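Engineer: Predicted model and sequence below, questions to follow.
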Amino acid sequence: MIEQKHTIIEIEVADLLKKTEEYHKAGHRLVQIGTTPLGDRYEINYTFTTAWDFESLRITVHDGDEIPSISGIYWGAFIYENEIHDLFGITVNGMSIDFQGHLIETRIPTPFKNPPKITKVPKGGDA
Amino acid sequence: MSNRIVVPFGPQHPVLPEPIHLDLVLEDERVVEAIPTIGYVHRGLEKLVEKRDFKNYVLIAERICGICSFTHSVTYCNAIEHIMDIEVPPRAQFIRTIWMEYSRMHSHLLWLGLAADAMGFENLFMNAWRLREEILDDMEATTGGRVIQGTCKVGGIRRDIGDDKLGEMVDHLKKIRPLLEESNRIFTHDQTVRHRMRGLSVLSEKDAWDLGAVGPTARGSGCDMDVRSSGYSAYGELGFKPVTFSHGDCLDRCLVRSEEVLASVDLVGRAVAKMPDGPIEEKVTGNPEGEYFAFSEQPRGECLHYVRANGKKNIVRHRVRTPTFTNVPPLVKLLEGIELADVPVVVLTIDPCIGCCDR
Amino acid sequence: MAKRALVNVTGKPATLMYPTTPAKQYDVSRGHIIIAIEDCIYCGNCQRHCVAQAITVDREARTWEIDRMRCVICGVCAEVCPKDCIFIEPDYPPSTVGSSVEFVQGPPAPPKEEKKPTAEE
């Protein structure tokens, strides 16, 4: 089994567009945009490569945040961003083709979202 | 003055093998815009990680798709083995590679039959599927299932193949190789096939790279992109070269797949010649902790599995990025400017596998 | 293509008349799951590991049932059974209409051995 190298770089949401533009100029292609729900926050990985060494930009967002779309730079990113919106409920601004939530239609809206926090109240109440 | 009409294509259509929906905006028989809709087969398989042990989850990862099922299980196992630092024995790597190549051969022969059917060439469709039956017989004799194999597990494989059976498989492939070459000749030189597919929907090399095309869709345009050159599993020891063509039209995407079937036959022969002896599995103890991206070459392109685990029996996240999901933006670009009667042929040349796309 | 067409017309058909002729099977084909209920100890291991949640085991009533429509014949239950009493047979199960739950009642428990009388009387 050979080592498939990948490096993960943590950045802020504000730097996302600038760094994506740098990768585009250097000739990288977009591999994937993936989201991990971790209970209280979400981590979104943007992966780029030229050959088989991956480099990923990672941003951390919470419920109700808005992130800019990179489909102005990579036109094919609209399908990943619509999936993030449909399954996780994170708003993405400025997609090149916006399906308004109809790309993947499920019976429960945003099925992969973090479950809301439950606070346990003792029996009998406060009275 | 021309007016535009919208024709819905799919999800159920006699010539469409997979449930994808396209809204085609037409102006006098020419397609101006195409808007895809997916999600008809969405089963939410990635959410089942919360309920199933990571060792039993291999069997769910395998059932994401019916045609490329073995490669999904191998990629998931590669990710878990890398996180847990397990060294898979060499014999298991070679046998996994042989099953992956058989998987690729049967998938490409299935697609060649469907492409011939989309053009109306029923005789060639049945011919390709009859050759596919020979491949499936060998798969069933060694693994137990024709399309879902169920023989890969974390740490190795569940079932061994005896050396005499391996010799029989190579002899069987040698016997059908002339028939495969004859089928390849028909696709390259037949007049009907050339008339329907040559010059249709050209995708330039720069567009293929920018829009994220992978697999034979990109290799037909001249991009030298094949994950097997990076040498995962046993490919590093088998000496592999990708197959590329340069025109970028539908016929070249078809010929890439046709040539890859013959290349796979050679790979299986080389793997059996170099097969090492030894155990077929490694014991697994404990739980995984960490994250990893594992990728591999499916019949339709490059597939990525992202696994993240935190030390418990259930892993936290399993994200699958399948090749058809990333081939949909190039499809939208390819459909602009062609006539309505050519739409099924173009949709089929990206080899849609919507089971993979929707998970 | 003309040569191929001639060979096809004069040769025999490539398809089988299934179900009149039985389907092609090999020794390792995965058809359906059966259990040898005499050896079963009702531990519930197969129920816990079943990928499709198709098996239900009742320890007190000593029964074992499987939903044939949910079973995907993966073989995990055969691997984790501590008494090796689950087997995979190569024949396909027949088609059914309606419910497909198969219910197996095990034999009653063997009588417990009599405790040895204590030394003091």
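Structural biologist: Done, it's in. Since the structure is predicted, the reported quantities are computational estimates derived from the model, not experimental observations.

Engineer: Show me the residue at the heart of chain C, geometrically.
Structural biologist: Centroid-nearest residue in chain C, with CA atoms, centre = their mean: C:I33, separated by 0.9 Å.

Engineer: Which residues lie in contact with it in this structure?
Structural biologist: C:66, C:71, C:73, C:77-78, C:86-89 (CB atoms under 8 Å, 6 or more residues apart in numbering or on different chains). Any C-beta I mention is one placed from the backbone N, CA and C, and that applies to glycine too.

Engineer: Pull the number of nearby residues for the residue lying closest to C:S100 once chain neighbours are set aside.
Structural biologist: In this structure, C:S100 finds its nearest non-sequential neighbour in C:R68, 4.2 Å apart by CB to CB, 6 or more residues apart in numbering or on different chains. By other CB atoms under 10 Å in any protein chain shown, 16 other residues sit near C:R68.

Engineer: quick one: C:R68 from C:P19, how far?
Structural biologist: Using CB to CB, to the nearest Å, C:R68 is found at 18 Å from C:P19.

Engineer: need the residues of chain C near chain B, please.
Structural biologist: C:1, C:4-5, C:8, C:14, C:24, C:26, C:28-30, C:49, C:51, C:72, C:74-76, C:79, C:88 (CB under 8 Å from any CB of the partner chain).

Engineer: at 7 Å instead, please
Structural biologist: C:1, C:4-5, C:14, C:26, C:28-30, C:49, C:51, C:74-76 (CB under 7 Å from any CB of the partner chain).

Engineer: what about burial for the residues you listed, which qualify?
Structural biologist: Applying 16 or more other CB atoms under 10 Å in any protein chain shown to these, the neighbour count classes C:1, C:29-30, C:49, C:51, C:74-76 as buried.

Engineer: Contacts for stretch B:44-56, please.
Structural biologist: If you take CB atoms under 7 Å, 6 or more residues apart in numbering or on different chains as the criterion, stretch B:44-56 is touched by A:111-112, B:57, B:60, B:64, B:80, B:154, B:288, B:313-315, B:317-320, B:359, C:49, C:51, C:76.

Engineer: And the buried ones among those, selectable in ChimeraX?
Structural biologist: To isolate the buried ones among these in ChimeraX, judged by 16+ other CB under 10 Å, type:
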select /A:111,112 /B:57,60,64,80,154,288,315,317,318,319,320,359 /C:49,51,76
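
Engineer: Let's see which of the contacts of stretch B:44-56 end up in strands.
Structural biologist: Here DSSP state E is the test, and those give B:317-320 as lying in strands.

Engineer: What about B:C152, how many residues nearby?
Structural biologist: Neighbour count of B:C152, defined by other CB under 10 Å: 30.

Engineer: distance of it from C:E102?
Structural biologist: As judged by CB to CB, B:C152 and C:E102 stand 29 Å apart.

Engineer: picking that back up, residues in contact with the residue nearest to C:S100?
Structural biologist: C:R68 neighbours (CB under 7 Å, 6+ apart): C:93, C:100, C:102.

Engineer: from the residues you listed, which is closest to B:K274?
Structural biologist: B:K274 lies nearest to C:P93 out of the contacts of C:R68, by CB to CB, at 40.8 Å.

Engineer: residue ranges of the strands in chain B, please?
Structural biologist: Using DSSP E, strands in chain B cover B:4-9, B:21-27, B:30-37, B:152-153, B:156-157, B:289-298, B:301-310, B:317-321.

Engineer: Now do the fifth one: everything it contacts.
Structural biologist: Counting by CB under 7 Å, 6+ apart, strand B:156-157 makes contact with B:88-89, B:92, B:95-96, B:151, B:280-282, all of which sit outside it.
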